[in-house]
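S.K.: just need the structure, nothing else, for what follows:
(one chain, ligands or ions: 2)
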Amino acid sequence: MNKDSKIYVAGHRGLVGSAIVKTLKEKGYNNLLTRKHADLDLTNTKQVASFFEDEKPEYVFLAAAKVGGIIANNVYRGEFIYENLMIQNNVVHQSYLNGVKKLMFLGSTCIYPKNCPQPMKEDYLLTDTLEYTNEPYAIAKIAGIKLCESYNIQYGTNFISVMPTNLYGPNDNFDLERSHVLPALIRKIHLGKALENDEWNIISKDLDNLPIEGIDGKSTKNEILKVFEKYGIKKTVDGTIAVEIWGTGKPMREFLWSEDMADACVFLMEHRDFSDVYRPTSKEIRNTHINIGTGIDISIADLSELIRNQIGFKGKFEFNTSKPDGTLKKLTDVTKLNQLGWQHKISLEVGIKKQYEWYSKSYGH
Ligand SMILES: NC(=O)C1=CN([C@@H]2O[C@H](COP(=O)(O)OP(=O)(O)OC[C@H]3O[C@@H](n4cnc5c(N)ncnc54)[C@H](OP(=O)(O)O)[C@@H]3O)[C@@H](O)[C@H]2O)C=CC1
Ligand SMILES: C[C@H]1O[C@H](OP(=O)(O)OP(=O)(O)OC[C@H]2O[C@@H](n3cnc4c(=O)[nH]c(N)nc43)[C@H](O)[C@@H]2O)[C@@H](O)[C@@H](O)C1=O
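M.R.: Numbers count the residues shown, from 1 in each chain. Ligands and ions are numbered 1, 2, ... in the order given. The predicted structure is shown next:
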């Protein structure tokens with residue numbers, strides 16, 4: 001990529017897309033192309049075709065997708081498979097038709113089997129049954145990998161697929177129902193601490209900026225307490241505050257700071273081609289995608305304690321086992337990525353601190 005190459009970042013307002021834009025700008029790329037969802041619906045084939053014909057981007061980062069945590073994936077199953085298939089089919093196919101030089105497709109480590117051997121190597125794809133909660137999303141992502149791989153093989157395109165582990169960072173989703181675990185716990189524990197200290201001004205500010213269904217900054221204390229209870233933030237009979245953690249707390253997860261993720265994406269776009277991961281000695285070309293992660297995981301119970309220490313919450317955690325655990329372990333094998341010359345920089349402890357600072361600053365606490 002040259003500094004003046006026309007680079008389209010799809011999903012530029014999201015967690016990863018915004019970090020990719022920031023990284024590209026910091027590196028001096030000066031011809032970035034972006035479109036808001038409201039101005040270009042990537043599930044709409046006609047709109048995407050016109051956009052590519054008019055704009056002719058040279059490089060594409062596909063970071064737009066229907067994304068959410070374990071409950072959102074499990075509940076909105078139809079939306080997750082349909083929208084993701086449509087977005088990737090439209091963007092990848094139009095990239096091929098319009099001569100895009102290189103594209104990066106973002107998948108997810110949920111493509112690997114539920115009981116995958118650990119750590120998960122790229123070659124473990126399609127070796128067993130998927131985790132039920134996110135099966136539709138995972139199947140769309142697997143289709144995305146195969147779409148890129150098949151176009152590369154048949155048409156000679158240069159489309160790279162990367163499979164990131166769980167991500168977090170600036171512009172994350174803090175919705176208590178639909179978000180991923182890390183932003184959800186930061187917000188629940190933050191609100192739990194405010195309740196513990198009777199800091200209603202902090203609670204009101206948070207709700208003004210990020211209303212929860214049924215309450216905002218102007219709601220009464222009783223209205224707020226009722227809705228908080230529904231989301232697992234409550235005063236117990238002995239007066240201590242309890243914050244609910246979904247599931248048993250035993251699942252292990254691996255977390256990567258979104259700006260590290262963006263750095264890895266730009267690094268791979270700058271330095272790697274499909275031919276680097278293509279195995280010329282093999283007659284069958286498969287599993288050419290690349291895992292992106294840290295290779296380090298932590299239990300959800302221990303993650304909750306790390307966040308508690310960062311925020312200074314003194315109350316207790318209650319594990320709600322009626323909520324799903326999902327996969328018990330999904331640690332990436334990052335040998336391929338490390339051998340290509342990239343390693344993460346931000347530790348989980350530093351990332352949680354940065355994430356809490358971003359959340360506090362952005363939502364005016
Ligand atoms: N977050 C994570 O932990 C992980 C994410 N990933 C993958 O990384 C990629 C980026 O995810 P992330 O940044 O977290 O997601 P976000 O939800 O933060 O951002 C996704 C972006 O895509 C846009 N978008 C969604 N649907 C459409 C559409 N139909 N047309 C146009 N734009 C659309 C969204 O716009 P709007 O909000 O306006 O709809 C949003 O800006 C995705 O492919 C995801 O699957 C993989 C593993 C983990
Ligand atoms: C990135 C990845 O994200 C999704 O998979 P997931 O890793 O299971 O996602 P999660 O972050 O929502 O949960 C991680 C763990 O944490 C537990 N947990 C506790 N308490 C809360 C909580 O309050 N909110 C959430 N969301 N989870 C909680 C939760 O029960 C689970 O055991 C995929 O569907 C798919 O989108 C995908 O690829």
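
S.K.: going forward, measure contacts and count neighbours with C-alpha atoms only.
M.R.: Will do.

S.K.: show the end-to-end separation of stretch 105-123, please.
M.R.: For stretch 105-123, the first-to-last residue distance is 18 Å (CA to CA, to the nearest Å).

S.K.: can you give me the buried ones in the helix or strand containing Lys205?
M.R.: In the assignment (DSSP states H and E), Lys205 maps to helix 200-209. For helix 200-209, burial by neighbour count (16 or more other CA atoms under 10 Å) applies to Ile202, Ile203, Ser204, Lys205, Asp206, Leu207, Asp208.

S.K.: what's the answer for stretch 257-273, then?
M.R.: Buried-residue list, stretch 257-273, by 16+ other CA under 10 Å: 257-266, 268-269, 273.

S.K.: ligand 1: which of the residues you listed is nearest?
M.R.: The nearest member of the buried residues of stretch 257-273 to ligand 1, counting by CA to the nearest ligand atom, is Ser258 at 8.2 Å.

S.K.: I figured that closest one was touching Val16, is that so?
M.R.: Yes: assessed by CA atoms under 8 Å, Ser258 is found in contact with Val16 at 5.8 Å.

S.K.: which residues does the spatially closest residue to Phe159 that is not a sequence neighbour contact?
M.R.: Excluding the flanking residues, the one nearest Phe159 by CA to CA, 6 or more residues apart in numbering is Leu103, at 4.6 Å. Contact analysis of Leu103 by CA atoms under 8 Å, 6 or more residues apart in numbering lists Tyr59, Val60, Phe61, Leu62, Val92, Ser95, Asn158, Phe159, Ile160, Met269.

S.K.: which parts of the chain sit against ligand 2?
M.R.: 67-70, 73, 108-110, 134, 166, 179-181, 184-185, 245-247, 251, 300, 324-326 (CA under 6 Å from any ligand atom).

S.K.: just checking, Gln343 touches Thr294?
M.R.: Yes: between Gln343 and Thr294 there is a contact under CA under 8 Å: 7.5 Å.

S.K.: coming back round to it: work out the gap between the helix holding Lys205 and the centre of the chain.
M.R.: Distance of helix 200-209 from its chain centroid, counting by CA atoms, centre = their mean, to the nearest Å, is 26 Å.

S.K.: can you check stretch 129-141 too?
M.R.: Per CA atoms, centre = their mean, the centroid offset for stretch 129-141 relative to its chain is 15 Å.

S.K.: could you do stretch 102-122 as well?
M.R.: 13 Å.

S.K.: that one and ligand 1 in contact?
M.R.: Yes: Stretch 102-122 reaches ligand 1 (CA under 6 Å from any ligand atom) through Leu106, Gly107, Ser108.

S.K.: what's the end-to-end length of that stretch?
M.R.: OK, stretch 102-122 end separation, CA to CA: 21 Å.

S.K.: tell me the buried residues in that stretch?
M.R.: So stretch 102-122, judged by 16+ other CA under 10 Å, has buried residues 102-114, 116, 120-122.

S.K.: note down every partner strand of the helix or strand harbouring Glu244 and its orientation.
M.R.: Taking DSSP H and E as the definition, one finds Glu244 inside strand 241-246. Next to strand 241-246 in the sheet, as set by DSSP bridges, lie strand 233-235 (antiparallel), strand 316-320 (parallel).

S.K.: tell me the most buried of those?
M.R.: Greatest average neighbour count among the strands paired with strand 241-246 goes to strand 233-235 (a mean of 22), per mean count of other CA atoms under 10 Å.

S.K.: who touches it?
M.R.: Lys188, Leu191, Gly192, Leu225, Phe228, Ile241, Ala242, Val243, Glu244.

S.K.: out of those residues, which is most surrounded?
M.R.: Neighbour counts for the contacts of strand 233-235, by other CA atoms under 10 Å, peak at Gly192, which reaches 28 neighbours.

S.K.: distance of it from Thr335?
M.R.: In terms of CA to CA, Gly192 sits 40 Å off from Thr335.

S.K.: what do you get for Pro136?
M.R.: With distances taken as CA to CA, Pro136 is found 28 Å from Thr335.

S.K.: higher neighbour count, these two?
M.R.: Pro136 (23 against 17).

S.K.: what about the helix or strand hosting the more buried one, distance to the chain center?
M.R.: Using DSSP H and E, Pro136 maps to helix 135-155. The chain centre lies 18 Å from the centre of helix 135-155; the measure is CA atoms, centre = their mean.

S.K.: and that helix, what does it pack onto?
M.R.: For helix 135-155, the elements it packs on are helix 77-97, strand 102-106, strand 159-164, judged by 3 or more CA pairs under 8 Å, 6 or more residues apart in numbering; DSSP states H and E.

S.K.: and that helix with strand 102-106, angle?
M.R.: 160 degrees (axes from the mean of the first three to the mean of the last three CA atoms, to 10 degrees).
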